[in-house]
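Trainee: quick one: sequence and predicted model below, then my questions.
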Amino acid sequence: MIEEHVAAEVEALRRVTDLVERVAGDTRTTRVLRVHAGDLANELGRVRTWRSLENLREAAGKLRAEALSYTQGVLLREHRLDDGAGPAVDALVTHLCAAADVAPDVVIGVNTGSESYTRTLDLVRLPPHCDVWHLPVVAHELGHYVIRELRHAQDKDARPLRELVETIGDDDHAEELVADSYATFTIGPAYPLSCLWLRIDPGTAARAGVTHPSWQRRVHVMVSLLTLMSAEYDTGQYSGAVETMLLPAWKQLTGQDATTPGEGDNPARTILTQLNRHLGHSRYVVGSNVTLAARALKDRTPMPQGVTPAHVLNAAWQARLRGDLDPDFNRRALEAMR
Amino acid sequence: MNGRDILMTRLDTLLEDLEKVKEAIASTADKRKHIAAALDSLHAARVESRAILYTAMVVEAELETRDKGELGAIKNEMLMTGITNLPRHANKVFAEIENVMELLEPVRDRIIAAAIDSQHALQSALETDCAELIGAAEDLRDKLVAGDPLAPLWTEYLEFVDNRARPVFDAYVDFISGLAVRDSDLDGSICAISDHLMTRLLGQHEALSLPAREAALSMHAIIKLGFPEWGIWSVPLAAREAGASLVRHAKARKLVRVLATPPEGLAVEEAERLAEDAVGAFMLGPAYARAMFTFRLRPGWPAQPGMPDDRLRAQIILAILRMQGDEDRQDDFSDEVAKLSALWKNALTDLCTEPGPELDEAFVKGVHTALRSERMRDFSTANWSHVTEWASHLLNRRGSDTPAPLIEADRVVTLLNAGWLARRMAPELADDIADSLMELIKQNGGSMASSPRNVRPSIAQTPPRGAR
């Protein structure tokens, strides 16, 4: 009987590979999937016990879930059911990957629950129609990819952000803090604003999970990073956002005037040093571009040169906080990011 | 705790999302209806163009006669040019329409196969749920505006998102992406076959099968066919979701009554899941057992939360089949059930797993009696001879005569059983058998598109067993 179960698993892997190939064609993702599915099928061929079958089944199940999430993402976009978010996500990913000098090999899948990144297919899972105010989370999920992909300028075998994660804790919490910092460093206050206004639940803000630090610690690291960036680059623009937008939101949410470190150390300075060293071109530079982007969104005029998707995200958040929105705002902002 | 503005922002976002869901459902459904309507118009245009073509052929024949026959008398030059060009234009129009029809016919089959009527019913259900959620979210916002205490409102909002809104979002994503997969024919027509089966089990327009990541019954009756079970061998598993529909929506009242007092050691939830397996075995016969043993049950593995032990599930499936066989005294059928029992027993022995707790016999009997008295269309063991004939045919299609046609209402169930029996006899031919089985099922019952309308549903409208 175990042979039938093994055959069914192998068949399922073949089917999912065929499905992705039919939907997406011969893409990098399809080829990566084929390699992983082939490896798993080979391992399944050597299975003799139910226990080892169960372990491989779990791995095969995860691979299928990733592949199906990717398929759904492609289909929803093809059928124009993603509300125009797809091209905006692509533009953001392309912008951030180009700045980090890593290949933009991340693909987008669908998830109704929380957003996530999985390494096997380099898949970022998002809700089916992610609006412009939720999009900053893409930078966080992309951060997990950059942690693995970014190479040292002089030593191509070295992975400086992986080493950074190991330095500050070598666990899931450390990686989450680096991904948060990457998002804050590359797209500025839009990321912490999105967390504060749309994600953090006040009742559980101080509670750390198995895979994620508490929001209390995460927000503290993000706020610290922006404050340190202001000092480092001698500009009040980052710390200004902290004072005028982030801390008031944190106070609204928790009743606290300032953020506190929560359950662990604050590695913001260590992280910023490494981000500056290895991702200098990725830093979010405000200048006058957010103002220009906000004006263009309001006047419905083309985005001026120099405005990046990150500036549009920040302009969208500022407009939201000012209450300066109209029913068409989200669509215009998503289009402006392309 | 504070955060009135932030909670208001989240409620606004939630309401925007719900509106988007509502719009997307409506536009997805409308798009499909428009495509179906456009294809109908195209079909009508083809009929008309054929009539024009015949006229043109008559004109052409006349023009080819000496002095252009009766048309030679026409003196108006423009009129004559028009008549002379008519056959060429008519041929071109007809050829173009044929070309478009050829390109679109597969789409038509798929769209219609996805039972627009069922889709409409389910779309309404989804829209109703959405409207209810919007109402509830607006109530929450009103309380916030009225200055109700914030802490309980946050709790209410979080519970609302987790327990009420998220399941609707999940159903929505499955609905739109499932339709997209089905419309793209990525399911290999399995959903159409499942719909056909569901019509037999639940009645017309009661369910819409959609490809999804996990198998489940969602909303009122979206039968989600979980990947990788988008293949002919897994179709019997959809019967379990039909069972879930009967149990959860209290469509089988006597069965629900039996389940209200489960035997000792079994939670109500577990008894319900066992009853769903019982429905599957009762309606689909051994094909259900084979599909479950092959794809779902994992001997010796701990039960999932809320699910009974897999050994109990196997027991109830086998017990129901035995009860079906005993009453009809079909030896060949009993032999097949004995083989299934041996298969399961061997699996447990291979794993050095104990046979597990004994299922309460009175409970199984109660479930079986309830199913019988619900007047459900069961898998009749009297059909087993047809199953064996068709199994032989599947194994040796070129060398054997086609068996006598099957009663339409039992055709798919009989063929699914025949497929599994053939697979048991020649496992190395599983792929070939699957191809032949698909071909047979698609034949004559035809386009699965039209067949559901002709199949009698299994509940209530079916005469009681003694009357058949």
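Mentor: Everything's here; your move.

Trainee: so which strand or helix has the residue in the stretch 1-150 of chain A that chain B sits nearest to?
Mentor: Relative to chain B, the nearest point of the stretch 1-150 of chain A is A:A12 (3.2 Å; CB to the nearest CB). All C-beta atoms are positioned from the backbone trio N, CA, C, and that covers glycine. Assigned by DSSP states H and E, A:A12 belongs to helix A:2-24.

Trainee: for residue 279, what are its contacts?
Mentor: Chain wasn't specified; assuming chain A. Contact analysis of A:L279 by CB atoms under 8 Å, 6 or more residues apart in numbering or on different chains lists A:99-100, A:146, A:150, A:182, A:185-186.

Trainee: try chain B instead
Mentor: Residues near B:V279 by CB under 8 Å, 6+ apart: B:239-240, B:242-243, B:246-247, B:252, B:255, B:371, B:376.

Trainee: secondary structure, pLDDT and distance to chain A for the residues you listed - can I get that in CSV?
Mentor: Formatted as CSV, those follow (DSSP: H, G, I helix; E, B strand; the rest coil; pLDDT from 0 to 100; distance: CB to the nearest CB, whole Å):
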residue, secondary structure, pLDDT, distance to chain A
B:A239, helix, 85, 18
B:R240, helix, 84, 17
B:A242, helix, 78, 22
B:G243, helix, 79, 22
B:L246, helix, 76, 27
B:V247, helix, 76, 25
B:A252, coil, 73, 31
B:L255, helix, 85, 30
B:L371, helix, 88, 28
B:M376, coil, 74, 29
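
Trainee: dump these to a markdown table, plus neighbour count.
Mentor: Formatted as a markdown table, the contacts of B:V279 follow (neighbours: other CB atoms under 10 Å in any protein chain shown):
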| residue | neighbour count |
| --- | --- |
| B:A239 | 31 |
| B:R240 | 27 |
| B:A242 | 29 |
| B:G243 | 29 |
| B:L246 | 26 |
| B:V247 | 21 |
| B:A252 | 23 |
| B:L255 | 26 |
| B:L371 | 26 |
| B:M376 | 23 |
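
Trainee: can you pull out the strands in the chain?
Mentor: Answering for chain A, as no chain was given. A:107-110, A:116-118, A:123-126 (DSSP state E).

Trainee: I was after chain B.
Mentor: Under DSSP E, chain B gives strands at B:208-212, B:216-218, B:222-226.

Trainee: and the first one, what does it pack onto?
Mentor: By that I understand strand B:208-212. With contacts defined as 3 or more CB pairs under 8 Å, 6 or more residues apart in numbering or on different chains; DSSP states H and E, the packing partners of strand B:208-212 are helix B:116-145, helix B:166-183, helix B:190-202, strand B:222-226.

Trainee: number of residues surrounding B:N163?
Mentor: Here the number of neighbours of B:N163 (other CB atoms under 10 Å in any protein chain shown) works out to 9.

Trainee: ok, B:L53 next?
Mentor: Neighbour count of B:L53, defined by other CB under 10 Å: 18.

Trainee: could you do A:H281 as well?
Mentor: 11.

Trainee: pretty sure it contacts A:L96?
Mentor: No. When contacts are counted by CB atoms under 8 Å, A:H281 is not listed as touching A:L96 (10.5 Å).

Trainee: can you give me the pLDDT of B:V100?
Mentor: Predicted confidence (pLDDT) for B:V100: 80.

Trainee: in this structure A:Q72 contacts B:F175, no?
Mentor: No. Between A:Q72 and B:F175 there is no contact under CB under 8 Å: 11.7 Å.

Trainee: name the residues contacting each of these two.
Mentor: Counting by CB under 8 Å, 6+ apart, nothing touches both A:Q72 and B:F175.

Trainee: could you verify my assumption that B:S245 touches B:L202?
Mentor: Yes. Counting by CB under 8 Å, B:L202 is a contact partner of B:S245 at 6.0 Å.

Trainee: can you tell me how far A:V219 sits from chain B?
Mentor: Remark: distance between A:V219 and chain B (CB to the nearest CB, to the nearest Å) = 13 Å.

Trainee: residues contacting that residue?
Mentor: For A:V219, the contact set (CB under 8 Å, 6+ apart) comprises A:192, A:195-196, A:200, A:205, A:246, A:250, A:259.

Trainee: try B:E19
Mentor: If you count contacts by CB under 8 Å, 6+ apart, B:E19 has them with B:I134.

Trainee: can we see that at 6 Å?
Mentor: By CB atoms under 6 Å, 6 or more residues apart in numbering or on different chains, the contact set of B:E19 is empty.

Trainee: now it: how far from chain A?
Mentor: Separation of B:E19 from chain A (CB to the nearest CB): 10 Å.

Trainee: what residues does the stretch 101-250 of chain B put near chain A?
Mentor: B:158, B:169-170, B:173, B:176-177, B:180, B:213, B:227-228 (CB under 6 Å from any CB of the partner chain).

Trainee: go through these and say which is closest to chain A.
Mentor: Using CB to the nearest CB, those come closest to chain A at B:P228, 3.2 Å.

Trainee: count of neighbours near the closest residue to A:A7 other than its chain neighbours?
Mentor: Excluding the flanking residues, the one nearest A:A7 by CB to CB, 6 or more residues apart in numbering or on different chains is B:A430, at 7.9 Å. Look at B:A430: counted by other CB under 10 Å, it has 17 neighbours.

Trainee: surely B:A430 and B:R423 touch.
Mentor: Yes. Under the criterion of CB atoms under 6 Å, B:A430 makes contact with B:R423 at 5.2 Å.

Trainee: local confidence estimate at the spatially most central residue of chain A?
Mentor: When chain A is reduced to its mean C-alpha position, the nearest residue by CA atoms, centre = their mean turns out to be A:E141, at 1.9 Å. The model reports A:E141 with a pLDDT of 96.

Trainee: in contact with it, which residues?
Mentor: A:E141 is in contact with A:115, A:117, A:124, counting by CB under 6 Å, 6+ apart.

Trainee: how about the residues of the stretch 101-250 of chain A near chain B?
Mentor: Taking CB under 6 Å from any CB as the contact definition, the stretch 101-250 of chain A meets chain B at A:112, A:128-129, A:197, A:201-202.

Trainee: most surrounded residue in these?
Mentor: For these, the largest neighbour count, defined by other CB under 10 Å, is 24 neighbours, found at A:P128.

Trainee: pLDDT below threshold where in the stretch 101-250 of chain B?
Mentor: For the stretch 101-250 of chain B, residues meeting the criterion pLDDT under 70 lie at B:104-122, B:203-207, B:213-222, B:228, B:249-250.

Trainee: name the residue most distant from the centre of chain B?
Mentor: Computed with CA atoms, centre = their mean, the most peripheral residue in chain B is B:K75, at 64.5 Å.

Trainee: so B:L371 versus B:I223, what's the distance?
Mentor: 19 Å (CB to CB, to the nearest Å).

Trainee: wait, I meant A:Y284
Mentor: Using CB to CB, A:Y284 is found at 48 Å from B:I223.

Trainee: okay, the two: which has more neighbours?
Mentor: B:I223 (30 against 26).

Trainee: number of nearby residues for the residue lying closest to A:L196 once chain neighbours are set aside?
Mentor: Spatial nearest neighbour of A:L196, chain neighbours left out: A:A249 (4.2 Å); criterion: CB to CB, 6+ apart. Neighbour count of A:A249, defined by other CB under 10 Å: 21.

Trainee: same deal with B:A342?
Mentor: Residues near B:A342, counting by other CB under 10 Å, number 10.

Trainee: residue contacts, A:H79?
Mentor: Neighbouring residues of A:H79 by CB under 6 Å, 6+ apart: B:A180.
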